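# next input, structure requested:
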Amino acid sequence: MLAHLSDPHLAPLMRPRLRELAGKRVIGVANWRWRRRLEHQMHVLDALLEDLAAQHPDHTAVTGDLVNVAAAGEFGPARSFLTRIGSPEAVTFVPGNHDAYVRATVPYAARHWGEFMTGDPPAGTAPHFPFLRRRGPVALIGLSTGVPTGPFMAWGRLGAEQIARLDTLLENLAGEQVFRVVLLHHPPIGHAGDRFKRLVDRGAFAEVLRRRGADLVLHGHDHSRSLGFLDGPSGRIPVAGVPSASALGRQHDPAGYSLFRIEKVGDGWRCEMVARGLASPGATALTEQERRWLTPA
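Okay, the predicted model is just below:
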């Protein structure tokens, strides 16, 4: 069973050093104090993690935005959050736009969280995207869409090199009996009003999946539960998003996560999605909100 959560935006916001308060960070700190700190509550996140642990997933995918303004002091506590979920063997992480908030601290994610976003041996110890992890019948493919952007911008980009490597990786996996799960932070499906927070090369990403195929795509970023589809060579590919794992629910969907039960059936795969989350804004107990087959039952 594979679990998926995203966007915890860990609090409290570590006080940035004076020299860190410049440019985009000034806006980010103000945004946190006036708006985000009221939405992202650690007691909500604690309840979600307690509920997640009770489900005993085999592996957990976390699709970005552990930190808020990428101040140096945020990265160590964020590693503690990942280890609370599980070991690097049991948890896979891909970075989001807040994890790459400013150029100066982009290397910090690899320094503190590298073990959670590297491929299986002999891939090495440094993150290199896309990376591949095999967990039983599941092949987890991690991508990075987090790039530093200007004030009031939250868009993401894969880049031509990462897309080319993804193309090769999916082509190589196509002949294997594995369930291919692609992880990225930004949604690869657009919607109205996402101009300044979209994945700018989502068309190129969709074209790779159309030719090479995948079985499931998981993302965060929008702080809302969603399910869409991209075209693949032999059918539609489910694309699932989750709310922020710490959201009280005042601004977006209340906190939640998803579980995916994956099994081989004949020459194909069967995948059931179970959505768990807060029933309403301000609630403390998580409940099962939805259960559906993403592939033919």
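# any regions of the stretch 151-297 of the chain where pLDDT drops low?
Within the stretch 151-297 of the chain, the stretches with pLDDT under 70 are 192-193, 297.
# that one: strands as residue ranges?
In the stretch 151-297 of the chain, the strands defined using DSSP state E, counting those that start in this stretch lie at 179-183, 216-219, 226-232, 235-241, 256-265, 268-278, 286-293.
# for stretch 131-138, buried residues please.
Burial within stretch 131-138, assessed by neighbour count using 16 or more other CB atoms under 10 Å, is assigned to Phe131, Leu132, Arg133, Arg135, Val138. Just so you know, the C-beta spots here come from the backbone N, C-alpha and C atoms, and that holds for glycine as well.
# let me fix that, I meant to ask about stretch 81-100.
81-82, 85-86, 88, 91-100.
# ok, the buried residues of stretch 131-138 vs Gly190, which is closest?
Ranked by distance to Gly190 (CB to CB), the buried residues of stretch 131-138 are led by Phe131 at 25.7 Å.
# and Gly156, what does it touch?
Residues in contact with Gly156 (CB atoms under 8 Å, 6 or more residues apart in numbering) are Gly96, Asn97, Thr145, Gly146, Val147, Leu184, His185, His186, Arg198, Leu199, Val200, His221.
# out of the residues you listed, who's the most crowded?
The most crowded member of those, judged by other CB atoms under 10 Å, is Leu184 (32 neighbours).
# now that residue. Nearest residue, chain neighbours left out?
Leaving out its chain neighbours, the residue that sits closest to Leu184 by CB to CB, 6 or more residues apart in numbering is Leu143, at 4.2 Å.
# residues near Asn68, how many?
Other residues near Asn68 come to 26 when the count uses other CB under 10 Å.
# any idea how far it lies from Phe93?
The spacing between Asn68 and Phe93, counted by CB to CB, to the nearest Å, is 16 Å.
# residue closest to the middle of the protein?
Nearest to the geometric centre of the chain sits Thr63, at 1.2 Å (CA atoms, centre = their mean).
# so Ala245 makes contact with Ala11?
No - contact criterion CB atoms under 8 Å: Ala245 and Ala11 do not qualify, at 11.9 Å.
# of the two, who's got more company?
Using other CB under 10 Å as the criterion, Ala245 and Ala11 rank with Ala245 on top: 28 against 17.
# quick one: the more buried one and Glu176, what's the gap?
According to CB to CB, Ala245 and Glu176 sit 32 Å apart.
# hang on, the earlier thing: and Val44, which of the strands of the stretch 151-297 of the chain is closest to it?
strand 268-278 (7.1 Å).
# output that closest one as PDB, restricted to C-alpha atoms.
Below are the C-alpha coordinates for strand 268-278, written out as PDB (Å, rounded to 0.1, in the frame of the first residue of the first chain):
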ATOM      1  CA  GLY A 268      -2.500  -5.600 -16.000                       C
ATOM      2  CA  TRP A 269      -2.800  -3.800 -12.700                       C
ATOM      3  CA  ARG A 270      -5.600  -2.900 -10.300                       C
ATOM      4  CA  CYS A 271      -5.300   0.300  -8.200                       C
ATOM      5  CA  GLU A 272      -7.800   1.400  -5.600                       C
ATOM      6  CA  MET A 273      -7.600   4.900  -4.100                       C
ATOM      7  CA  VAL A 274      -8.700   5.600  -0.600                       C
ATOM      8  CA  ALA A 275      -8.900   9.300   0.400                       C
ATOM      9  CA  ARG A 276      -8.700  10.100   4.100                       C
ATOM     10  CA  GLY A 277      -9.000  13.600   5.600                       C
ATOM     11  CA  LEU A 278     -10.700  16.000   7.900                       C
END
